[in-house]
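Undergrad: show me the folded form of this:
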Amino acid sequence: MVDLTFLTTPKIVCKSGGLTSELGQLAKSLLGDNLTDDAASMNGNLPMALLVTDPGIVQFGYAKQACASLELAGFQVTVFDGVQADPPYEVVRQAAKIGKESDATVVIGLGGGSSMDTAKIVALAIHSTQSLDDMVGNEQATGTRLPLIAIPTTAGTGSEMTFVSVLTGDKGDKKAIYSSKLLPDIALLDAALTLGMPRHVTAAPALDAMVHCIEAYTSRTKKNPISDALAVKGLQLLTQNFMTVLEDGNDITARENMLLGSTLAGMAFVNASVAAVHGLSYPLGAKFHVPHGHSNALVMRPVFRFNIEAASRHYAELASVIMPQRQFADEQAAAHASVDEIEGYLNKSGLPTRLSEVGVTEADLLPMATEVVEKIARLIATNPRDMSIEEVRQMYQSVL
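TA: This is a model prediction of the structure:
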């Protein structure tokens, strides 16, 4: 018997150049009768769009394109470009304050996972009386969210398809807010926004998306037929196009396949859950400010190898997705080969491959392992195998 509830963003628009050609009309569609065709002539009464993004997106010119599309559709636009990696509470509060003061009627998150995660919370927080801490946890958020559009500029986080926002609390600790209210109304996938990205900016989110697929497929508690199908197709798209986008930053077909793979991965993992790779990566982001995708990539190898004992069949099944032309002697060989192949992508990415290269020392390993097991237990619970503090420490040690 299958007993599950599957949640996802209700509308996906995939179109190269869509930021310019589609965004304004998509935002307009969310307001319905509140925005008429002649709204542009009603100076002073134009509805307000809040664009949540980061300084890099402004520098690339994407924020300007978004504003032009929105203004053409009859919006005024307020831009908040103060998003930071692993968004701190204070950044969310600032953005929500600006949105409230400008009387925003729709929120657009444009950028990587941090911009979209910020936008999702801001769209809810603008009219909420809750503190951010009160929202933390599963379905604790209350109130009404503003209409929301998410536009990824990297192929990796899948945040445009998820009902979770990961923030950094006032004490520097990771906070996860899970709520169906956070699902965007529309995900706009514009592969043109990912063209020409630097190699490391392409590689880290892509590896993150691969981890999403693998952890969803091997989830101990929430694995299901829908997430399995999405994870398999997502992993296929990601692995088949990864080296192409690294070597040719302007291959639009490969870039679109990567973006679709990331989106499918997001749909899969938010319903099946991520697991210990994400658990071990959190201290790297919080304490050493390693970008999320890179931190996952750094610890995925020892976690996947540790998990083979409990989930060799699932890892073996993924080998046929990642390496469809290869034959394997048995299940164990296939399982180990799949992990080797994913590890190889990290080695080819140009990213640092050892914890010591991002500032981690021997003295950091035990405190990090203790934090993972004692404070991020929810991600160990979904992992194929339980982990002790010492086992986590040894995993960190193996990639130090």
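Undergrad: switch to C-alpha atoms for all contacts and neighbour counts from now on
TA: Fine.
Undergrad: so how far is the longest strand seen in the chain off the chain centroid?
TA: Counting by DSSP state E, the longest strand found in the chain is strand 104-111. Its chain's C-alpha centre and that of strand 104-111 lie 17 Å apart, by CA atoms, centre = their mean, to the nearest Å.
Undergrad: same check on stretch 245-254?
TA: Here stretch 245-254 is found 21 Å from its chain centre; the criterion is CA atoms, centre = their mean.
Undergrad: ok, residues contacting the longest strand of the chain?
TA: The set of residues external to strand 104-111 that reach it, using CA atoms under 8 Å, 6 or more residues apart in numbering, is 27, 31, 47-54, 57, 63, 115-120, 122-123, 146-154.
Undergrad: what about these, which are in helices?
TA: Counting by DSSP state H, the contacts of strand 104-111 place 27, 31, 57, 63, 115, 116, 117, 118, 119, 120, 122, 123 in helices.
Undergrad: closest one of the residues you listed to residue 311?
TA: Proximity to residue 311 was ranked across those by CA to CA; first place goes to residue 117, at 31.0 Å.
Undergrad: farthest-apart pair in the ones in helices among the contacts of strand 104-111, please.
TA: 31 and 57 (25.6 Å).
Undergrad: buried residues in stretch 185-201?
TA: When neighbours are counted by 16 or more other CA atoms under 10 Å, the buried residues of stretch 185-201 are found to be 185-197, 199, 201.
Undergrad: now swap in stretch 163-181 and tell me
TA: Neighbour-count burial for stretch 163-181 [16+ other CA under 10 Å]: 163-169, 174-181.
Undergrad: ok, the longest strand of the chain: who's next to it in the sheet?
TA: Here strand 104-111 has these sheet partners by DSSP bridges: strand 48-52 (parallel), strand 148-152 (parallel).
Undergrad: hmm, back to that, more neighbours: residue 31 and residue 57, which one.
TA: In this view residue 31 and residue 57 are compared by other CA atoms under 10 Å, and residue 57 has more residues nearby, 18 against 15.
Undergrad: the strands paired with strand 104-111: which one's closest to residue 2?
TA: strand 148-152 (30.7 Å).
Undergrad: so which residues of the stretch 201-350 of the chain form strands?
TA: Assignment of strands within the stretch 201-350 of the chain using DSSP state E, counting those that start in this stretch yields no ranges at all.
Undergrad: burial measure for residue 86, as a count.
TA: Per other CA under 10 Å, the neighbour tally for residue 86 reads 26.
Undergrad: now stretch 117-127: average pLDDT?
TA: Stretch 117-127 shows an average pLDDT of 95 in the prediction.
Undergrad: assign residue 166 to helix, strand or coil.
TA: Following DSSP: H, G, I helix; E, B strand; the rest coil, we place residue 166 in the strand state.
Undergrad: excluding sequence neighbours, find me the nearest residue to the residue minimising distance to the centre of the chain.
TA: Nearest to the mean C-alpha position of the chain, by CA atoms, centre = their mean, lies residue 157 at 2.1 Å. Distance criterion CA to CA, 6 or more residues apart in numbering; nearest residue to residue 157, sequence neighbours excluded, is residue 113 at 5.4 Å.
Undergrad: so how far is residue 100 from the one you found?
TA: With distances defined as CA to CA, to the nearest Å, the gap from residue 113 to residue 100 amounts to 23 Å.
Undergrad: which one of the two has more residues nearby?
TA: For the pair residue 113 and residue 100, the greater number of neighbours falls to residue 113 (29 against 17), based on other CA under 10 Å.
Undergrad: what is the helix ranked longest in the chain packed up against?
TA: Among the segments of the chain that qualify as a helix by DSSP H, the longest is helix 292-322. With contacts defined as 3 or more CA pairs under 8 Å, 6 or more residues apart in numbering; DSSP states H and E, the packing partners of helix 292-322 are helix 199-217, helix 225-247, helix 276-288, helix 331-349, helix 389-398.
Undergrad: how far out from the middle of the chain is that helix?
TA: Using CA atoms, centre = their mean, the mean C-alpha position of helix 292-322 is found 18 Å from that of the whole chain.
Undergrad: list the buried residues of that helix.
TA: Of the residues in helix 292-322, those scored as buried under the neighbour-count criterion (16+ other CA under 10 Å) are 292-308, 311-322.
Undergrad: quick one, what contacts the residue nearest to residue 157?
TA: Residue 113 makes contacts with 152, 157, 158, 159, as judged by CA under 8 Å, 6+ apart.
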